[in-house]
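Visitor: A structural model of the following input is requested.
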Amino acid sequence: MLRPWELNITINHHSGKAVYMQIADAIIAAVKSGKLRSGDALPGSRQLAAQLQLNRNTIVEALDVLLAEGWLESRERLGTFVAEDLPVIKAVKPEQHKPEKNKAAAPKPAVIFDDGQPDSRIAPINELARAYRQIFHRKGRWQMMGYSNETDDPAFRLAIVQMLNYRRGMRLNADDVFITRGSQMAMYLSAHCLLGKGDDVVIEHPGYKPAWQAFEQAGARLLPVGVDKEGLITEELKKYLRRYRSIRAVYITPHHQYPTTVTMSLQRRLELIALSNEYGFTIIEDDYDNEFHFGQRPVLPICSYENLENYIYVGTMSKIVAPALRIGYLASSRGFIGKVGQLRRIIDVQGDNIMEQAILQLVKEGEIKRHLKRATAVYKARRDLFDGLLREHLSGKVNFSRPEGGLAFWLEPNGRTNLVKLAETLQQHGIQVAHPERYSYGEPVNGLRLGYASLGEKQLEAGVKGIGRWL
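Guide: Next up is the predicted model:
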C-alpha cells in the first residue's frame with residue numbers, strides 16, 4: 001500500500017531518552033495533534049529506518065511499543081495503521097475531529113425540483129466514453145497531453161459554428177467563436193473584457209444571479225428591468241437609457257427567460273436591436289436551453305439578426321449531453337474574441353481537448369442529433385405530465401402557462417405568499433424547491449421555478465401533491 005507522505009520525526013541523539021521511545025512519542029504526538037488519524041497507514045519499518053537513518057530493529061521496537069499500548073494496529077499483508085479505537089486523548093477536544101452527535105445530518109430530499117436541468121440518466125454516457133477512449137488511443141497519449149492554444153481545437157470550434165449557423169440562423173466564422181469550460185466561464189470572460197468600474201449593465205428581474213455576479217465582479221453596476229409576458233420591458237429600458245450614459249450592456253435570456261420561461265416577442269426583439277444600435281450598448285444573449293423546444297419552429301436568437309451591431313452570444317453543451325460536462329462557448333466579433341483569448345490565457349491555458357474531440361466524434365457520427373431527438377420526446381412527455389399534475393392538484397392556487405420549450409415551469413401563487421417560508425416547510429417534508437431569493441434582485445419575487453425534466457413520474461406527482469398541501 002502506498003504511503004505518500006513522510007513522517008517528520010526529529011531524533012535527539014544527546015537526549016537521555018532511548019531513540020525508539022523518541023520515535024514512539026513522536027508518533028503519539030502526531031496522533032494527538034490530528035496529523036495522524038485513525039485508519040492512516042504508517043510507513044513500513046524499512047522505509048522509516050531509511051528515512052531516519054537508523055537500524056531497522058530500532059524502528060521495530062518503537063512500533064512494538066505503540067502496538068502494545070493500542071496506538072497502532074497491524075493488518076495482515078497490509079501493514080501498520082493508526083488504531084481505530086485509540087487510547088483516551090484528553091488534550092484534544094472531541095468536536096475538533098468528530099462530528100457532533102447531537103446534530104443529525106439533514107436527510108436528502110426525496111423530490112428535488114432543480115431550476116431546469118436535463119436528466120443525466122438518459123445522456124449518451126456510454127457513447128461518450130467509447131469516443132473518449134478511441135480519441136485517447138488514436139491520437140496517442142503523448143500527443144494529447146501537451147498544451148494547445150487557448151482558443152481550443154479548430155475542428156471543434158468549426159462544429160460549433162456549423163451548429164449555430166445551420167440551426168440558429170447565425171453567420172459566423174471559426175474566428176468568431178470561443179470555447180470555454182461551461183457557460184459561466186464564458187459569462188465571466190465576457191464581463192471582464194467588456195465592462196469596468198463605472199459601467200452599468202441592465203439585467204432582467206427576476207433573472208440569473210450567477211451572471212449578475214460576474215458583471216458586478218468586473219466592476220459594473222446592475223440596473224434591473226422588469227419582465228412581463230413578452231419578455232424584457234423595453235419601456236423601462238428606455239427610461240434607463242435616457243437617464244444614464246454609462247450603460248454598456250443589456251443581459252437577456254430571450255428564448256426561455258430565466259426564471260419565468262417566457263419568450264421575448266418579435267416586437268420587443270426588434271425594439272431592443274434598434275436601441276442597441278442607437279445607444280451603442282452590447283446585447284449579451286444567454287441562450288442556455290435553445291436545444292429543447294416542442295413547437296413546430298424554434299425561435300431564432302436575437303444575435304442572428306443581421307442588423308445587430310454589438311452582441312455577445314453565450315451557449316453551452318452541458319444541457320445537450322450532461323450537466324457535469326463543462327463545455328460552453330461564446331460568439332462575438334473577431335476583435336472581442338481576441339481579448340477573451342488573452343484573458344483566458346491568464347486563468348486557464350486551454351480546455352479539455354480530449355473531451356472536445358470525443359464530442360466532435362459524436363457530432364460527426366450523428367449521435368448528438370439522435371440523442372437530442374430522443375431527449376426532446378422524453379422531455380415533452382414529462383412536460384405534458386407535469387402540466388396535467390399542476391392543473392389537477394394546484395388548480396386555483398397558482399397561475400402558470402405551459403412552456404413551449406425549456407425544462408422548467410414558472411408558477412405564480414394567487415395572492416401574496418411567503419415563498420421563502422414555503423420552501424423551508426417543503427424542505428422539512430422531503431421536497432426541495434429553489435428559494436425565490438435565488439433569482440430576485442432585492443425583495444424576493446412572487447414565483448417559483450420548478451424544473452421537471454430530471455424527475456420521474458412518481459417524483460413529479462409526489463412533489464406537486466406536496467406543494468399543493470402546503471401552499
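Visitor: L48 should be in a strand, yeah?
Guide: No. Read with DSSP: H, G, I helix; E, B strand; the rest coil, L48 is helix and lies in no strand.
Visitor: pull out the buried positions in the longest strand along the chain.
Guide: Using DSSP state E, we find that the single longest strand of the chain is strand 221-228. Within strand 221-228, the residues scored as buried using 16 or more other CB atoms under 10 Å are 222-225, 227. From N, CA and C alone the C-beta is placed, and that goes for glycine too.
Visitor: so what secondary structure elements neighbour it?
Guide: In this structure, strand 221-228 packs against strand 200-205, helix 209-217, helix 234-243, with contacts taken as 3 or more CB pairs under 8 Å, 6 or more residues apart in numbering; DSSP states H and E.
Visitor: tell me how far it is from the chain's mean position?
Guide: Mean-position distance between strand 221-228 and its chain equals 24 Å (CA atoms, centre = their mean, to the nearest Å).
Visitor: name the helices or strands packed onto the helix or strand following it?
Guide: Moving toward the C-terminus from strand 221-228, the next helix or strand (DSSP states H and E) is strand 231-232. When contacts are defined as 3+ CB pairs under 8 Å, 6+ apart, strand 231-232 sits against strand 247-252, helix 266-279.
Visitor: just send the ones you listed back as JSON lines, with mean neighbour count, mean pLDDT and distance to P259 too.
Guide: Output for these, formatted as JSON lines (neighbours: other CB atoms under 10 Å; pLDDT from 0 to 100; distance: least, CB to CB, whole Å):
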{"stretch": "strand 247-252", "mean neighbour count": "24", "mean pLDDT": "98", "distance to P259": "13"}
{"stretch": "helix 266-279", "mean neighbour count": "17", "mean pLDDT": "97", "distance to P259": "18"}
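Visitor: which of the ones you listed sits closest to R344?
Guide: Closest of the helices and strands packed on strand 231-232 to R344 is strand 247-252, at 19.4 Å (criterion: CB to CB).
Visitor: what sits up against that closest one?
Guide: By CB atoms under 8 Å, 6 or more residues apart in numbering, the surrounding residues in contact with strand 247-252 are 194-195, 199-204, 207, 211-212, 215, 220, 223, 231-232, 237, 240-241, 264, 272, 276, 279, 281-286, 302, 312.
Visitor: quick revisit: ranking the helices and strands packed on strand 221-228 by burial, who's on top?
Guide: The highest mean neighbour count among the helices and strands packed on strand 221-228, using mean count of other CB atoms under 10 Å, belongs to strand 200-205: a mean of 24.
Visitor: and that one with helix 209-217, angle?
Guide: 160 degrees (axes from the mean of the first three to the mean of the last three CA atoms, to 10 degrees).
Visitor: who does strand 200-205 pair up with?
Guide: strand 221-228 (parallel), strand 247-252 (parallel) (DSSP bridges).
Visitor: among these, which comes closest to L66?
Guide: So among those, strand 221-228 is nearest, using CB to CB, at 60.3 Å.
Visitor: and the one helix or strand Y20 maps to, what does it pack onto?
Guide: Following DSSP H and E, one finds Y20 within helix 19-33. Here helix 19-33 is seen to pack against helix 56-69 when contacts are counted using 3+ CB pairs under 8 Å, 6+ apart.
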